[in-house]
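Engineer: Show me how the following folds:
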Amino acid sequence: MSGHSKWSTIKRKKGEKDGARAKVFTKISREILVCIRENGSADPNGNSKLRDLIAKAKANNIPNDNIDRLLKKAKGGQEKDDYENCVYEGYGPGGVAVMVGCLTDNRNRTAAEIRHCFDKYGGNMGTAGCVSFMFSQKGVVVLDNGGGGADSDAFAEHAIEAGADDYIFDDGVTEVYTAPGKEGETARALAERGYKVLSAETEQTPFSRAALSDEEQIKNMTSLLETLDDNDDVQNVWHNWE
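Structural biologist: As a prediction, this is how the structure comes out:
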């Protein structure tokens, strides 16, 4: 399992029932609201980050009507936004490093829930900085190979022109790496070339990987990641599990 790609989560959520899709929309809605608050604009034409988040919502099969209603409420000040960013760090089974990025309106509640997840599946939540030194920030753009032909011979040239530092083909998608914060520009440049962008985000990528061979640890690590992902306050989970 990848420690930085969100494609496995996107793909799984797209195939799940409406309740799971509603959870995805809840998470993206929070990101959109915070983005609008921080940038002071609910117009995607003047807010590139908002434009990226709308693209992310569409990649997750969120209906356009839902997105439009959220933007209208945000423009009219009808949505209360008390969310703040926080990151929790810890170790999963077998010493796998885990970072959990959250948007929450209640730090105490969220911290307790994240700690419970770690404890339940044989891990432990640590203090700030206990695993973050094992990761570096990178911009990651995920492209649909089938929809946009990202695995074509011409892709290398297009990726470099779009500002990519590197890329890999993986499980029907292409992951394009950029400097942190530059992923939006690269995604738009590639979209103009006809490639289908599934997501564009700054993510934490591990310097090295940790392998698990014990079946019980593998089972618990899988459950830990799934349980964290299902928490409404959790926006991203990064880890170094191979």
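Engineer: Low-confidence regions, the protein specifically.
Structural biologist: Across the chain, residues meeting the criterion (pLDDT under 70) sit at 1-20, 77-81, 147-149.
Engineer: residue ranges of the strands in it, please?
Structural biologist: Here the chain has its strands, by DSSP state E, at 84-91, 97-104, 124-125, 135-144, 166-170, 173-178, 196-206, 234-239.
Engineer: Deepest-packed of the ones you listed, please.
Structural biologist: strand 173-178 (a mean of 25; mean count of other Cβ atoms under 10 Å). Where C-beta positions appear, they are placed from N, C-alpha and C, glycine not excepted.
Engineer: Partner strands of it, with direction?
Structural biologist: strand 135-144 (antiparallel), strand 166-170 (antiparallel) (DSSP bridges).
Engineer: could I get the shortest one in CSV with only the CA atoms?
Structural biologist: Output of strand 166-170 as CSV, limited to C-alpha atoms (Å, rounded to 0.1, in the frame of the first residue of the first chain):
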residue,chain,number,x,y,z
ASP,A,166,9.2,13.0,-11.4
TYR,A,167,6.4,10.6,-12.0
ILE,A,168,5.5,6.9,-11.8
PHE,A,169,2.8,4.7,-13.4
ASP,A,170,0.8,2.8,-10.8
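Engineer: So what's the residue count around the closest residue to Ser208 other than its chain neighbours?
Structural biologist: Counting by Cβ to Cβ, 6 or more residues apart in numbering, Asn240 is the residue found nearest to Ser208 once chain neighbours are left out, at 6.6 Å. For Asn240, the count of nearby residues is 24 (other Cβ atoms under 10 Å).
Engineer: Double-check Asn240 against Ala211; I have them as touching.
Structural biologist: No: the criterion here is Cβ atoms under 8 Å, and Asn240 misses it with Ala211 at 9.9 Å.
Engineer: can you tell me which residues contact Val237?
Structural biologist: With contact set as Cβ atoms under 8 Å, 6 or more residues apart in numbering, Val237 has these partners: 98-101, 225, 228-229.
Engineer: Check Met125 too.
Structural biologist: Met125 touches 88-90, 114-115, 118-119, counting by Cβ under 8 Å, 6+ apart.
Engineer: Now the two most distant members of the residues you listed.
Structural biologist: Pairwise distances across these peak at 14.6 Å for Glu89 and Asp119 (criterion: Cβ to Cβ).
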